[in-house]
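Peer 1: Provide a 3D model corresponding to the input given below.
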Amino acid sequence: MRLIDTHNHIDFPDFAADRAAMLQRCRALGVERQVLLGVFRENWDEVLRLADAHDELYAALGLHPLYLARHRPQHLVELREYLQRLAGQPKLCAVGEIGLDYYVEALDRAAQQALFEAQLRLAIDCELPVLLHVRRSHAAVIATLKRFRVPRRGIVHAFAGSREEAREYLKLGFRLGLGGAPTWPQANRLRKVLAELPLEAIVLETDAPDMAPAMYPGQRNSPEHLPAICAALAEVRGVTPEELAEASTRNAMEVFGWA
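Peer 2: Below you'll find the model as predicted:
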């Protein structure tokens, strides 16, 4: 199987001790490409360094809503500078992780919205897809995407919404990122939605080191778990792991403009 992990954070300290060995295991398992996401100004350089150092790694840069207190107006200026400086370089593949998080009630929603819209404008100006963080905020994100028509579209990371919300994203041309969450038997609603999605809608991800699948409870999640996640989700979908891997890889290649 050829697999692409469309969303992870292997620049985090969780992987400091064994990152090189982990990447070698991933290659042996068929995880051919991985997308690392910047989440605040301080980790962009490390994300880019890792992407430059490893052929299979690619970088996305953004300001994550969960780190709202860390972001400064200057960081948006610097994000534009980074994106413009890296324009056309193959290792930069998206703007992300960006979006809205209504799960954490203390996060100011107006400030999140302003930051989200500013980064959507950057994606439009720089002709890049977006990688979206959406927690309990699907209605607001969908409404915003209808106003800001991002030409390259992108991926709704860790999708856990309803059939209706999935349908709205698909109408807008977005793919839905699926990882460890639907592997848990208690995720009944999400598993039902997954079973009905067209294969053209799905891309696979891990969100490592978070969101470990049911097969690895309580452990650090890792891109090397992607084949097991693929097999578990294929069973829910009623297709073979090879079919799901092929579709997900094709969809990811289209999102990022990879040949």
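Peer 1: from here on, just use CA atoms for contacts and neighbour counts.
Peer 2: Noted.
Peer 1: if we look at stretch 70-84, which residues are touching it?
Peer 2: 40-41, 61-63, 118-119, 122, 126 (Cα atoms under 8 Å, 6 or more residues apart in numbering).
Peer 1: chain center to that stretch: distance?
Peer 2: Here stretch 70-84 is found 20 Å from its chain centre; the criterion is Cα atoms, centre = their mean, to the nearest Å.
Peer 1: likewise stretch 145-164?
Peer 2: Centre-to-centre, stretch 145-164 and its host chain are 11 Å apart (Cα atoms, centre = their mean).
Peer 1: first-to-last residue distance for it?
Peer 2: 16 Å (Cα to Cα, to the nearest Å).
Peer 1: then stretch 46-64?
Peer 2: Terminal residues of stretch 46-64 are spaced 16 Å apart (Cα to Cα).
Peer 1: what's the biggest strand in the chain, counting residues?
Peer 2: Criterion DSSP state E: the longest strand present in the chain is strand 92-101.
Peer 1: contacts for it?
Peer 2: The contact list for strand 92-101 (Cα under 8 Å, 6+ apart) reads 37-39, 58-66, 86, 107, 109, 112-113, 116, 119, 123, 128-137, 140-141, 256.
Peer 1: quick one, which of those residues are buried?
Peer 2: Among these, those classed as buried by 16 or more other Cα atoms under 10 Å are 37-39, 58-66, 107, 112-113, 116, 119, 123, 128-135, 141, 256.
Peer 1: circling back to that earlier point, show me the contacts of strand 92-101 that map onto strands.
Peer 2: Counting by DSSP E, the contacts of strand 92-101 place 37, 58-61, 130-135 in strands.
Peer 1: most widely separated two among the residues you listed?
Peer 2: Farthest pair in these (Cα to Cα) is Tyr58 and Arg135. Separation: 24.5 Å.
Peer 1: tell me the pLDDT at Leu29?
Peer 2: What the model reports as pLDDT for Leu29 is 98.
Peer 1: ok, it to Met215 distance?
Peer 2: 16 Å.
Peer 1: again, but for Ala259
Peer 2: Counting by Cα to Cα, the gap from Ala259 to Met215 is 33 Å.
Peer 1: the two: which is more packed in?
Peer 2: Between Ala259 and Met215, counting by other Cα atoms under 10 Å, Met215 is the more crowded of the two (14 against 6).
Peer 1: and the more buried one, helix, strand or coil?
Peer 2: Taking DSSP: H, G, I helix; E, B strand; the rest coil as the rule, one finds Met215 in the coil state.
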